[in-house]
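S.K.: pasting the sequence and the predicted model now:
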Amino acid sequence: MAKLNEKNEAQRVATDGQDLLVVQNLVKYFPVQGGLIASILHKGKIPAVKAVDGVTFTIKRGEVFGLAGESGSGKSTIGRLVLRLYEPTRGKVIFDGIDLLKLKPEDMRHIRSRMQLVFQDPLAALNPRMTIGQAIDNPAAIHLSHLNADERRQAVLDILHQVGMNPPEAYYNLYPHQISGGQRQRIVLARALVTHPELVVADEPIAMADVSVRSILLDLMLKMKQEFNLTYLFITHDLATAKYICDRIGVLYLGKMCEMGEVGEVYEYPLHPYTQALLAAVPVPDPKRRRTTKMPEGEIPNPINPPTGCHFHPRCPLAQAICSQKEPEIRELRPGHTVACHFAENFLPKE
Amino acid sequence: MTDDILYSIRNLTVDYKTRAGIVHAVDNVSLDIRRGEILGLVGESGCGKSTFGKALLRLHDGPASIPAGELWFDGRDLMKVPMKDMPEVRGAEIGMVFQDPMTSLNPVQSILEHLTETIQAHEPGTSDAAATARAEELIERLGIRHERLNEYPHQMSGGMRQRVMISLALALRAKLVIADEPTTSLDVIVEAKFLDLLKELQEEFGLTILLITHNIGVVAEVCDRVAVMYAAKMAEVGTAEEVFAAPKHPYTQGLLNSVPNIDMDEIELYKMGGEPPSLLHPPKGCRFHPRCPQAMEICGQQEPSFEEIANGHRTACWLYQAHEAAARAKEAANG
Amino acid sequence: MDTNIEKIPTTPPDEITWEDDLKKVGLLRRLLRARKWYGADWWFVAISSLAVLFFILVAIFPSWFAPYTPDTLVGPRFLAPNEIPAVSVLIAPSDSTISSLKDLAVDENADRPKVAVVMGASTSGDLNDTAKQIDADLISEGNGLRLRPVIERYDSLDSALQAVADGTDAVAVIESTEFAGVSQNYTSLREAGSLTGEVVSTSTKGFVMGTNDIGQDIYSRLIYGTRIALIIGFSSSLLSLFLGVPLGLLAGFIGGALDRLLSLVMDSLYAFPGLILAIAIAAVLGPSILNIIIAISVLYIPTYYRIVRGQTLTVKEEVYVEAARSIGARRSEILGRYIFPNVIPSVAIIFSVNVADAILTGAGLSFLGLGLPPTIADWGIDLARGQRFIQTAPWMITFPGLAILLVVLAFTLMGEGLTEIFNPKLRDR
């Protein structure tokens, strides 16, 4: 274990609390139709899905930062942009002081050992033609070239043991379809952790697991965080889970950040109408505490043609004229708690 | 008392023929659905709840069969109805809403066509005008503007499609709607509105709903009573309040304690060990016993029967039948 | 936390399918228990696989199965299956030098030779015809020799042979098979050649598939033809595969201009009617086995290309490929370890059927006279030959045709059946 850590320890500059990931004005548009003919037809302005439309946030080393939102919010896209699996249309991604978008492909490949992705569907995320051992060995072979084959195999067995697959040797030669869903997610986690990354982006990691297995996986992720000094970007639609595992959270709607702050803060004093609706909508497993709040009208609009001004205004019970004309700025209304709404002051707790 | 029960399922077993043998996907399950209630059927994947739901309509495909059971719907045993007459029952008396409406709606038919065709198929003689009027009224009641009736399924969002599915059931004035994971693919706000709709339909039309889901939060939000399935068997049934406040079966207890509750602060989530068992070779005795923190010796030897503990609250667990087991053991010792 | 997972259970999905249990079982068990799992289909696969193996065996060791080499003239021409190759032969005294009817020609004024025949046998008619023909030739030769035999009819074989034995008649003309039966009684007599100069067959039983237009055993030619058919089939399919698969992979993976260019070329090739394209190429290249293989393989390259390219495009979008990028794999590694192994099964599916098709095309080409030198035993050539005599000797075309049918059928069934066994996910039950 010591030998593995050497390389990464040397790269670790800061102690806990420093900014590990800084995202500035990140934008990603997916053009709907490409090509010459399309651009002629649309006179140069090709319609695009505005998946991420100017998102800014910072993740401190050692924290679990949640990105919450419904479909079309752009949370999954942000997860991939941060790892530069998609190229941003605009904006900056700075990882440990390094501007990722300025890196050459070869350097980008190297830096991947420090930032990994845990996927939503573990069966789809594992190559059906590779054994579990091979799958976990792959990143090790790419990035831990100072290890010989035996040492690498030992590293794979170690990580298998740490994620709870015991005895590790028994699983080394199995194929993904031969184990259960919960176990597969552990394998995906193991694959992400074998190079001892610093940042792990987890995209709905427990959504597809059985209900009784989810708590085990969450616990495992927290344990791994302790063990490896990890920082998580935790992407989810389930605010109950986010509350359980995240330190800070950002709420997205249609590609923009509505509200961001510490979990306790945001859940206790949600300042954005959308956040309030979202929190109220989460089903509570207690029949004595059924929801009484009314839900906002309408549905999530098409991200190709989002509403003008504040994206949420057509559904917002508080909407005024200004909401459709001017996009709200992001303002810090309470310490560490920012919100993008013209009328968020109305929700501040009366001191 | 019997008037209250709309659908009484007794000792239902559904078999699946697999290459490795026969699997009891539903194993001797009994359940009563009361008129006008929303009954939640909860369980994890593989417990048999979806198979159960489909069996209530006798909607099983190739390898599945129903070797045993009685399906007393509104006074008659559906198992005795010839298969060719079942389509009349489906839709007109029992409607079904599936998880992914995209695959149950015909992509080349408009919503209006879906509705009018359904109405006219079950009630021949309804004129086009009458059918259209009914469709419009219904869709408005479900929160979709009637101008959208001419749209096609792909033009509608997931939430809307689910409403269309419900409208198909309501169009024929079905008495019971079986909803199989209807909100699993929906966003949380849309889900909340859909659940509101279910409650409204229950009140306004006296609709009875069997809601099949793995999401116990959803169950707590809308259901009057709850049934919990595990490994093809019924583990517990009771009112929502009772089951959530004081769950009897250790599986239910574990399940409820392993789910994060947004209203509660810093709690330790319960971690259930092991995995759901293979239905090909289920554990001997109580199927939950390998994972049960309170397992006793008898749990591994004999399967507990599904008994009533308190008023309407039933469970299959030796913890509550321990005294019976002890009595029997005493008898055996004496006799 | 100690969730020690000792056993390896499966989490059954809500719809319990047999696929999950099947996945736990290895290949050998799958094959052994196949009948229980796959039902009647398995019999088709088993039978066709055995047939294919048998054909391969025949192709490798034709001499085990064929009584004659394909070129040997084994008997009279146009012999029907199992027809006894009865040939009219001359029976002469052992010490005479007569070897054909022409040897009986004598000067026009000399005594006419006497020839014994059995009464009622058809040989006398043949004798007359042959004698007249030879006589006509002799007249045109003009050296004074004539052949006008006196035909003496005897009422039994023995009396006819006796007549030759005691010198009354110069030769007897009887069926070869009849003589074979009684030859040991007449040690002073010998078979002196056939009446019409045809090959006298050593076989008394006939040939199971008959003989063709020059007297070769059709069955033996069929056996040897298997070798050529399979060589052509496998070689051209393999060549197509080795060219089409990498091109498809590259086009699908890299995309862009390369993809468009290659697809253009491939689609154009694909649009050609197969046989015509093969004919054109074979005609240009000239006759030889290698050229036929090349011509046919060009035909199937687009098939592999299209399928592989399509699969590559699909697999490229899979989550595990994204995962490979996220762990920092190079593009070459992604192509080689993540995309290629997941694309190959689809190739395996079409290979077997492709071999069948290639055999068919090869037969078609040689049927048209292109590609193979006529000295090689080949089903297509036999088909072509047989076509001319389809009315009089239908067996010449029937048996090669059946051979082609059976081999193609066996490969096709085997290919489709094997894919079901190795890829249970493809089945929809």
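M.R.: That came through fine.

S.K.: is B:Ile66 in a helix, a strand, or coil?
M.R.: Secondary structure state of B:Ile66, per DSSP: H, G, I helix; E, B strand; the rest coil, is strand.

S.K.: does it touch B:Lys54 like I think?
M.R.: No. Distance between B:Ile66 and B:Lys54: 10.3 Å, which falls outside the contact criterion (C-beta atoms under 8 Å). Placement of C-beta: from N, CA and C, glycine included.

S.K.: between these two, which one's more packed in?
M.R.: B:Lys54 (23 against 15; other C-beta atoms under 10 Å in any protein chain shown).

S.K.: let me know the helix or strand that that one is in.
M.R.: B:Lys54 belongs to helix B:49-55 when assigned by DSSP states H and E.

S.K.: which strands and helices lie in contact with that helix?
M.R.: Helix B:49-55 sits against strand B:5-18, strand B:21-34, strand B:38-42, strand B:64-73, strand B:176-180, strand B:208-213, with contacts defined as 3 or more C-beta pairs under 8 Å, 6 or more residues apart in numbering or on different chains; DSSP states H and E.

S.K.: neighbouring contacts of the last one?
M.R.: Right, strand B:208-213. Here strand B:208-213 makes contact (C-beta atoms under 8 Å, 6 or more residues apart in numbering or on different chains) with B:6-7, B:33-42, B:49-50, B:52-53, B:56, B:175-184, B:198, B:201-202, B:218-219, B:222-223.

S.K.: thinking again about what came up before, buried ones in the helix holding B:Lys54?
M.R.: By 16 or more other C-beta atoms under 10 Å in any protein chain shown, the buried positions in helix B:49-55 come out as B:49-55.

S.K.: may I ask you to confirm that C:Ser297 belongs to a helix?
M.R.: Yes. Under three-state DSSP, C:Ser297 sits within a helix.

S.K.: one step back: can you give the distance of the helix holding B:Lys54 from its chain's centre?
M.R.: 7 Å (C-alpha atoms, centre = their mean, to the nearest Å).

S.K.: same question for stretch B:106-119.
M.R.: That offset, for stretch B:106-119, works out to 26 Å (C-alpha atoms, centre = their mean).

S.K.: can I get it in CSV, CA atoms only?
M.R.: Taking Å, rounded to 0.1, in the frame of the first residue of the first chain, the C-alpha atoms of stretch B:106-119 are listed here in CSV:
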residue,chain,number,x,y,z
ASN,B,106,-49.0,2.5,-29.5
PRO,B,107,-46.5,4.9,-31.1
VAL,B,108,-48.6,5.3,-34.2
GLN,B,109,-51.9,6.1,-32.6
SER,B,110,-52.8,9.4,-31.2
ILE,B,111,-54.0,9.6,-27.6
LEU,B,112,-57.6,10.2,-28.8
GLU,B,113,-57.4,7.1,-30.9
HIS,B,114,-56.2,5.1,-27.9
LEU,B,115,-59.1,6.2,-25.8
THR,B,116,-61.9,6.0,-28.3
GLU,B,117,-60.7,2.6,-29.5
THR,B,118,-60.6,1.3,-26.0
ILE,B,119,-64.0,2.6,-25.2
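
S.K.: mind listing what's buried along that stretch?
M.R.: Within stretch B:106-119, judged by 16+ other C-beta under 10 Å, the buried ones are B:110-112, B:114-116, B:118-119.

S.K.: contacts for that stretch, please.
M.R.: With contact meaning C-beta under 8 Å, 6+ apart, stretch B:106-119 is reached by B:91, B:105, B:126, B:128, B:131-132, B:134-135, B:138-139, B:148-154, B:156, B:164, B:167-168, B:171-172.

S.K.: mind doing that once more with 10 Å?
M.R.: The list of residues contacting stretch B:106-119 from outside it, by C-beta atoms under 10 Å, 6 or more residues apart in numbering or on different chains, reads B:91-92, B:95, B:105, B:126-136, B:138-139, B:144, B:146, B:148-156, B:160-161, B:163-165, B:167-172.

S.K.: state the mean pLDDT of the host helix or strand of B:Ala135.
M.R.: Assigned by DSSP H and E, B:Ala135 belongs to helix B:128-141. In this model, helix B:128-141 has a mean pLDDT of 88.

S.K.: ok now it, how far from the chain's centre?
M.R.: Relative to the centre of its chain, helix B:128-141 is centred 29 Å away, using C-alpha atoms, centre = their mean.

S.K.: strands of the stretch 51-200 of chain A, start to end?
M.R.: Using DSSP state E, counting those that start in this stretch, the strands assigned to the stretch 51-200 of chain A run over residues A:64-68, A:90-95, A:98-99, A:115-118, A:199-203.

S.K.: grab the nearest non-local neighbour of B:Pro247.
M.R.: B:Gln253 (4.7 Å; C-beta to C-beta, 6 or more residues apart in numbering or on different chains).

S.K.: correct me if wrong, but the one you found is in a helix.
M.R.: Yes. Judged by three-state DSSP, B:Gln253 forms part of a helix.

S.K.: so what are the domain limits for chain C?
M.R.: When chain C is parsed with automatic domain parsing, its domains come out as C:28-67+C:215-426, C:88-194.

S.K.: to chain B, which of the ones you listed lies closest?
M.R.: domain C:28-67+C:215-426 (4.4 Å; C-beta to the nearest C-beta).

S.K.: let me know the average pLDDT across the closest one.
M.R.: Mean predicted confidence for domain C:28-67+C:215-426 is 86.

S.K.: from the chain's centroid, how far away is it?
M.R.: 16 Å.

S.K.: now the common contact residues for B:Ile66 and B:Lys54.
M.R.: Common neighbours of B:Ile66 and B:Lys54 (C-beta under 10 Å, 6+ apart) are B:14, B:26, B:60.

S.K.: please check these and keep the buried ones.
M.R.: B:14, B:26, B:60.

S.K.: also within reach of chain C: list those from the residues you listed.
M.R.: With C-beta under 10 Å from any C-beta of the partner chain as the criterion, those include B:Val14 near chain C.

S.K.: which of the buried ones among the shared contacts of B:Ile66 and B:Lys54 sits closest to B:Ala232?
M.R.: Ranked by distance to B:Ala232 (C-beta to C-beta), these are led by B:Val26 at 5.5 Å.

S.K.: if we can go back for a sec, any chance of the strands of the stretch 51-200 of chain A in CSV, with mean neighbour count and mean pLDDT too?
M.R.: Formatted as CSV, the strands of the stretch 51-200 of chain A follow (neighbours: other C-beta atoms under 10 Å in any protein chain shown; pLDDT from 0 to 100):
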stretch, mean neighbour count, mean pLDDT
strand A:64-68, 27, 97
strand A:90-95, 17, 94
strand A:98-99, 12, 92
strand A:115-118, 27, 96
strand A:199-203, 24, 97
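
S.K.: show me what counts as buried in the helix or strand encompassing C:Phe411.
M.R.: C:Phe411 belongs to helix C:395-422 when assigned by DSSP H and E. Neighbour counts over helix C:395-422 (16+ other C-beta under 10 Å) mark C:395-400, C:403-404, C:407-408, C:410-421 as buried.

S.K.: ditto for stretch C:249-259
M.R.: C:249-253, C:259.

S.K.: PyMOL command to pick out the buried ones of the contacts of stretch B:106-119?
M.R.: The buried residues among these can be selected in PyMOL (16+ other C-beta under 10 Å) with this line:
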select buried, chain B and resi 91+92+95+105+126+131+132+134+135+136+138+139+144+146+149+153+156+160+161+163+164+165+167+168+169+170+171+172
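
S.K.: the contacts of stretch B:106-119 also near chain A: which ones?
M.R.: Answer for those near chain A (C-beta under 10 Å from any C-beta): B:156, B:160.

S.K.: what is the burial count for the closest residue to chain C within the stretch 151-300 of chain A?
M.R.: Closest to chain C within the stretch 151-300 of chain A is A:Ser180: 4.3 Å, counting by C-beta to the nearest C-beta. For A:Ser180, the count of nearby residues is 20 (other C-beta under 10 Å).

S.K.: quick one: it and A:Val284, what's the gap?
M.R.: A:Ser180 sits 29 Å away from A:Val284, taking C-beta to C-beta, to the nearest Å as the criterion.
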